[in-house]
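In: Sequence and predicted structure, then a few things I'm wondering about:
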Amino acid sequence: MTIKRWFYNLNINTIIFLTLILTLLFSILISGYFLFHFQKESSFKSLHNDHYKITSELAKSFKLPLKNYSKAVVQSIVSVAALDERIVEISVSDLEKSEVFAHAIFPDRIKSEIYTQTMPIVLDGERYGQVSTKISAAPMHSQIVIFFKVTTILLLLQFGLSLGFLFYVLHIKLTRPIARLLSFIHTLSDYHIAPQSAWYYQDEIGRIGKAFEQAKQTITHTIMSDPQTGIHNHYMLTKILQNLFYQPSQRNFSILLMNITNFNQINDQYGHLKGDALLLALTQDIIQLKKPETHLGRWSGSSLMLICPNEKCSDIESFALQLANHVERTLYEDKIIVQCAIGIAQTQTSDSSINFVVRRANAALDTAKKRPFGTVCIQTDDGFT
C-alpha cells in the first residue's frame, strides 16, 4: 500500500492522527523539560556569577587596612552592597584584631537555599581581612516559577495550534470528505436527491465526490423514471406507496389505475415508436389535469397509476371521469383514438400492506375493462360501482 493510499484509508488515517498527536505531545513535553532545565541551570550560573561579583567588588572597595576606617564608613559600604535584595547577610572581618568589624543581616530575606561566598581583603600582597556574603536563591526561584508558567502557557498554545492544524488537515480535508464520499457510495440506491451539492471543496476528494454525486443523480434518475415517458416507474411508485402506507398521517390515500385497452392494437398497427409517443403525449395531458401533490407513474406496459395522498375514492371520482372523457375525446398523432378503463381503490384500516389496496385497484380495473370504453370502476365496501 502506498503512502497516498494510506492517507485515504479511514482506519489508518485515524491511527496516523492519534500517532501524530502523541508524538507532538511527547516532543512538546521533552522540549519543555529541556528548556526549563537549561533555564534553571542558566539562572543558577547567573546567581553564582552575581554572588562572586558582589563579594569581590565589596572586598576591593577597601583600599586601606580596616583599622583606618571607622565603623560608620564600613557600615555605609555594607549598606550599599545590601541594596541587592538577594543579599541575606554581610560580614566584614578584621584579621589583625580577629574580630568582626561590620555585620549586617536581613532575616526577611532568608528564604529558599542560601549560598555563602568569602573573599579576602588584600593590600600590597598582604591579607588584612575578609568579606563574607550570603545570598538567597528565592528571587531566582520566583523568576523560574514565572518562566515555567509562561513556558507552559506557550507550549499549551503551541500544542493547541498544532492540534488544530492536524485536525484541519486530517479531519476537515481528509476524514470528513472521505466519510461523506462513503456515505454517497452507500446511498447510491436511495431515490432522494439533495437540492444542493455538498461538495464545495475544490480539491481532489471534492472532485471525486462531485463525480459520484453526478453518477448518483444519473443512476437515481434511471431507477426512478420510466425511460419512455420520464414519469415514475414501477419501482418508484412502489416506494411512494410504502412511504405513504407506513406514515400514519398519510396512510389514507387512493389509487387510480388507468389502462389503455387498445394499446397492443396501436403498437401492431402503427409500430412501437408511435405507441411510445402516444404514451408520452397521454402522460403530458394527465400532468396538466392532475393535482400537484398527486404522483403519476407507469405501473406496467399499458397501465398508468396515480397515487392521491389524503383523498378517498369519492374525492377523485370526478377527476377520473374527467380524465376518461378527455382521453376518449382526444385524437392523438395520426388521429389515433385511445380507449381506456379506470379502476379506483383506497386504503382500509384492515390493510396490513400495500398489496391489499393494489389488489383491489387491479380488481376494479379488471371490472372496468369488461364494461364499455371509458368506464370508471370504484371499489367500495359492497363491491364495485
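Out: Here it is on my side, so go on.

In: and residue 219, how many neighbours does it have?
Out: Residues lying near residue 219 (other Cβ atoms under 10 Å) number 13. All C-beta spots, glycine's among them, are computed from the backbone N, C-alpha and C.

In: Okay, and it sits in which element?
Out: Taking DSSP states H and E as the definition, one finds residue 219 inside helix 204-224.

In: That helix: how far from the chain's middle?
Out: In terms of Cα atoms, centre = their mean, to the nearest Å, the gap separating the centre of helix 204-224 from the centre of its chain is 22 Å.

In: Show me what the mean pLDDT comes to for it.
Out: Helix 204-224 carries an average pLDDT of 71.

In: Tell me, what's the model's pLDDT at residue 329?
Out: The confidence metric pLDDT takes the value 87 at residue 329.

In: And for residue 316?
Out: Residue 316 is assigned a pLDDT of 90 by the prediction.

In: cool, the one 3 residues further on as well?
Out: In this model, residue 319 is scored at 92, pLDDT.

In: Who are the contact partners of it?
Out: 256, 289-290 (Cβ atoms under 8 Å, 6 or more residues apart in numbering).

In: Can you say which of those residues are buried?
Out: Among these, those classed as buried by neighbour count (16 or more other Cβ atoms under 10 Å) are 256, 290.

In: so residue 293 makes contact with residue 309?
Out: Yes: with contact defined as Cβ atoms under 8 Å, residue 293 reaches residue 309; the gap is 5.9 Å.

In: which of the two has more neighbours?
Out: residue 309 (18 against 10).

In: And the helix holding residue 219, what does it pack against?
Out: helix 176-186, helix 234-245 (3 or more Cβ pairs under 8 Å, 6 or more residues apart in numbering; DSSP states H and E).

In: which residues of the chain fall in helices?
Out: When secondary structure is read from DSSP state H, the chain shows helices at 3-7, 10-60, 71-81, 138-167, 176-186, 204-224, 234-245, 263-270, 272-289, 313-329, 354-369.

In: quick one, which of those helices is packed in tightest?
Out: Relative to the other members of the helices of the chain, helix 354-369 carries the highest mean neighbour count by mean count of other Cβ atoms under 10 Å, namely a mean of 19.

In: Give me the angle between it and helix 234-245.
Out: In terms of direction (axes from the mean of the first three to the mean of the last three Cα atoms, to 10 degrees), helix 354-369 departs from helix 234-245 by 120 degrees.

In: who touches helix 354-369?
Out: With contact meaning Cβ under 8 Å, 6+ apart, helix 354-369 is reached by 238, 241-242, 245, 255-259, 261, 303, 305, 341-348, 350-351, 375-379, 384.

In: Quickly list the domain ranges of this protein.
Out: In terms of domains, the chain is parsed into 187-222, 229-384 (source: automatic domain parsing).

In: Serialize the ones you listed to JSON lines and add fields for distance to residue 121.
Out: Rendered in JSON lines, the data for these read as follows (distance: least, Cβ to Cβ, whole Å):
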{"stretch": "domain 187-222", "distance to residue 121": "78"}
{"stretch": "domain 229-384", "distance to residue 121": "104"}
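
In: Which of those has the lowest mean pLDDT?
Out: For the domains of the chain, where the average pLDDT is lowest is domain 187-222, sitting at a mean of 60.

In: returning to what we had before: residue 79: which of the domains of the chain is closest?
Out: Closest to residue 79 of the domains of the chain, according to Cβ to Cβ: domain 187-222, at 72.8 Å.

In: Torsion angles phi and psi at residue 69?
Out: With angles defined as degrees, to the nearest 10, residue 69 shows backbone torsions of phi -110, psi 150.

In: i'd like the first residue to be 20 from this point on
Out: From this message on, residue numbering opens at 20, which makes the last subject residue 88.

In: quick one: it and residue 389, what's the gap?
Out: Computed as Cβ to Cβ, to the nearest Å, the residue 88 to residue 389 distance reads 141 Å.

In: How about residue 47?
Out: 86 Å.

In: thinking again about what came up before, between residue 88 and residue 389, tell me which one has more neighbours.
Out: A count of neighbours by other Cβ under 10 Å puts residue 88 above the other of residue 88 and residue 389, at 19 against 9.

In: quick one: contacts for the closest residue to that one other than its chain neighbours?
Out: With Cβ to Cβ, 6 or more residues apart in numbering as the criterion, residue 88 has its nearest non-adjacent residue at 7.2 Å, and that residue is residue 81. For residue 81, the contacting residues are 88, 93, 96, 111, 140, 142, 147-148, taking Cβ under 8 Å, 6+ apart as the criterion.

In: what does residue 170 give?
Out: Residues in contact with residue 170, defined by Cβ under 8 Å, 6+ apart, are 51, 54-55, 58.

In: quick one: which of the residues you listed is nearest to residue 231?
Out: residue 51 (45.6 Å).

In: I'd say that closest one and residue 175 touch.
Out: No: with contact taken as Cβ under 8 Å, residue 51 and residue 175 are classed as non-touching, separated by 9.6 Å.

In: one step back: can you put the contacts of residue 338 in JSON lines and add distance to residue 187?
Out: Supplementary listing: those in JSON lines, determined by distance: Cβ to Cβ, whole Å:
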{"residue": "275", "distance to residue 187": "55"}
{"residue": "308", "distance to residue 187": "55"}
{"residue": "309", "distance to residue 187": "51"}
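
In: Which neighbouring residues are in contact with residue 250, exactly?
Out: Contacts were defined as Cβ under 8 Å, 6+ apart; by that measure residue 250 touches 244, 302, 306, 315-317, 323.

In: what about 6 Å?
Out: 302, 315-316 (Cβ atoms under 6 Å, 6 or more residues apart in numbering).
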